[in-house]
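Sequence and predicted structure are below.
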Amino acid sequence: MLINGFPLSKYINNTFWMFFEYLMRVIAVIFVNIYIARYLGVESYGLLRYILTLISLFIIVNRLGLENILVRDLVRFPKKESKYMGTSFSLILLVSLILYLLLNIGIYKIETDMDVKLYISIISLGMLLQSFLVIDYYFQSQIKNKYSSIAKSIALLIGSIIKLYLISIDAGLYFLSIAYAVDGLLVAASLLIINYYKGISFLLDWDGSLIKPILKSSIPMIFVAIMGMLYMKIDQLMIKTMLDTYQLGLYSAAMKLYEGWVFIPYILSISILPVIIKIKEKSIQDYEKSLTILVALVFWAGIVISLIMIFLGEWLIIVTFGPDYIEAKNVLQVLFFSAAFNSLGVVSARYLIVEGMERKIIY
């Protein structure tokens with residue numbers, strides 16, 4: 001079976017590699033977080049999650065929403081792929097530098113804890129390497145996720161080993177913060193190696209005329225990303241401010257398990273975005289049918305996982321994070337009530353991107 005001239009097996013293979021990377025990430029992140037949480041204790045783990053949450057709000061902005069927009073434009077305008085890649089790379093790099101300075105200047109004026117200031121300064125260095133993710137977006141547009149997925153999985157594995165080693169030698173939170181900063185370096189290096197291996201050269205191919213159309217599509221997505229991240233993360237900042245880092249540690253443990261599920265519909269929708277675009281070019285009826293199947297799949301899967309957590313939530317918390325985190329069981333069950341609706345939002349966003357209606361996502 002062909003989709004716009006490409007064999008269906010190619011799309012299946014592409015989705016497989018994205019899910020392989022996702023599975024590696026879920027296993028590694030949850031596994032490593034469990035060890036970090038047990039090692040640091042509830043209060044210190046809550047402090048770490050507060051820092052990572054704060055930085056994540058800035059990271060989501062400096063990507064400029066291009067993880068979807070650039071993939072779409074590269075599929076639509078293959079003759080200009082080098083220009084789009086180079087311009088996007090430069091824009092993300094410039095924004096990353098500005099946001100890094102704003103974050104650290106702001107935190108030094110607002111935060112009173114010197115250790116928190118230091119940890120944020122170190123970990124946020126990873127923001128400066130976000131521009132290299134355009135290489136990943138390129139492979140997504142070419143239905144070649146195998147290469148970037150392997151590269152990022154290797155980086156993830158090395159980063160996980162580093163963190164586990166630091167825990168084994170009782171290195172403390174300072175060196176763990178350095179390890180989190182190194183994660184960005186590992187991803188950038190692995191993508192550059194794959195980029196060099198495939199003989200692709202476009203990161204410095206700047207075209208000023210593309211800035212306006214890129215930003216026109218990306219600015220709405222930036223606002224969407226900010227609102228989505230605030231929706232997902234603002235609760236953690238509020239808990240730290242209104243309660244304490246101990247309560248945040250409990251909440252973060254439950255949230256980490258919930259995020260393991262949330263990424264499933266996200267990765268599924270991202271992996272088939274190029275497919276959906278090509279199906280639409282061939283047949284509107286097939287396009288609408290494919291979207292209907294996707295929506296039904298992710299919604300009912302969310303319902304099932306919510307029901308499972310009602311009965312197994314307490315057991316899962318004890319098995320993973322340990323009895324010290326048992327109070328997180330109720331939080332976990334409540335969080336999973338939103339699983340089905342979160343999945344609908346993810347798929348709806350992909351649909352509006354394909355239709356070129358980014359502004360409607362804001363509304």
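Perfect, I can see it now.

Going by C-alpha atoms from here, please, whenever you check contacts or count neighbours.
Noted.

Show me the helices in this protein, by range?
8-62, 66-76, 81-110, 114-123, 134-141, 145-168, 173-197, 211-242, 245-271, 273-282, 284-320, 329-336, 339-354, 358-362 (DSSP state H).

Show me the shaky parts of the stretch 201-350 of the chain.
201-203, 232, 270-271, 273-274 (pLDDT under 70).

let's see 50
Applying pLDDT under 50 to the stretch 201-350 of the chain flags no residue at all.

Can you give me the distance of His254 to Asn33?
No His there; residue 254 is Ala. Computed as CA to CA, to the nearest Å, the Ala254 to Asn33 distance reads 11 Å.

Name the residue in these two with the higher neighbour count.
Ala254 (27 against 21; other CA atoms under 10 Å).

Tell me the spacing between the closest residue in space to that one that isn't next to it in sequence and Asp205.
For Ala254, ignoring the flanking residues on the chain, the nearest one in space by CA to CA, 6 or more residues apart in numbering is Leu332 at 4.8 Å. Taking CA to CA as the measure, Leu332 falls 47 Å from Asp205.

Looking at these two, which is more packed in?
Comparing Leu332 with Asp205 by other CA under 10 Å, the one with more neighbours is Leu332, at 26 against 16.

I figured the more buried one was touching Gly313, is that so?
Yes: using CA atoms under 8 Å, Leu332 makes contact with Gly313 at a distance of 6.5 Å.

quick one, what contacts the residue nearest to Thr87 when sequence neighbours are not counted?
Nearest residue to Thr87, sequence neighbours excluded (CA to CA, 6+ apart): Trp206, at 4.7 Å. Counting by CA atoms under 8 Å, 6 or more residues apart in numbering, Trp206 touches Lys83, Tyr84, Gly86, Thr87, Ser90.

Phi, psi for Trp206 please.
For Trp206, the backbone dihedrals are phi -80, psi 140 (criterion: degrees, to the nearest 10).

and what of Glu355?
phi -80, psi 0.

count of residues packed around it?
Glu355: 11 neighbours (other CA under 10 Å).

Ok, Asn104 next?
Asn104 has 17 nearby residues by other CA under 10 Å.

Correct me if wrong: it contacts Ile120.
Yes: Asn104 is in contact with Ile120 according to CA under 8 Å; the separation is 7.5 Å.

one step back: quick one: which of the contacts of Trp206 is most hemmed in?
Tyr84 (26 neighbours).

my guess is it contacts Ser209, does it?
No: Tyr84 lies out of contact with Ser209 (CA under 8 Å); the separation is 10.1 Å.

how much space between the spatially closest residue to Arg359 that is not a sequence neighbour and Ser141?
Distance criterion CA to CA, 6+ apart; nearest residue to Arg359, sequence neighbours excluded, is Pro220 at 5.5 Å. Separation of Pro220 from Ser141 (CA to CA): 21 Å.

Looking at those two, which is more packed in?
Taking other CA under 10 Å, Pro220 and Ser141 do not tie; Ser141 has more neighbours (23 against 20).

Tell me who's in contact with that one.
Taking CA under 8 Å, 6+ apart, we find Ser141 in contact with Val71, Arg72, Leu74, Val75, Pro274.

among those, which two are most distant?
Leu74 and Pro274 (9.6 Å; CA to CA).

Excluding chain neighbours, what is closest to Leu191?
Leu191's closest residue in space is Ala151 (CA to CA, 6+ apart), at 5.8 Å.

ok, now which ones touch that neighbour?
Ala151 neighbours (CA under 8 Å, 6+ apart): Val187, Ser190, Leu191, Ile194.

can you pick the most crowded of these?
Val187 (25 neighbours).

From Ile293, how far off is that one?
On the measure of CA to CA, Val187 and Ile293 end up 34 Å apart.

go on, Glu81?
31 Å.

Looking at the two, which is more packed in?
Glu81 (20 against 10).

what's near enough to touch the closest residue to the more buried one other than its chain neighbours?
Closest residue to Glu81 apart from its sequence neighbours, by CA to CA, 6+ apart: Leu74 at 5.5 Å. Listed by CA under 8 Å, 6+ apart, the contact set of Leu74 reads Lys80, Glu81, Tyr84, Tyr138, Ser141.

since we're on Leu102, how many residues are nearby?
Neighbour number of Leu102 under other CA under 10 Å is 12.

Just give me the neighbour total for the nearest residue to Ala339 once chain neighbours are set aside.
Setting aside the residues directly before and after it, Ala339 is nearest to Gly302 in space (CA to CA, 6+ apart), at 4.9 Å. Residues contacting Gly302 under the criterion other CA under 10 Å number 24.

I'd guessed Gly302 sits against Leu335; true?
No: with contact defined as CA under 8 Å, Gly302 and Leu335 do not form a contacting pair (11.6 Å).
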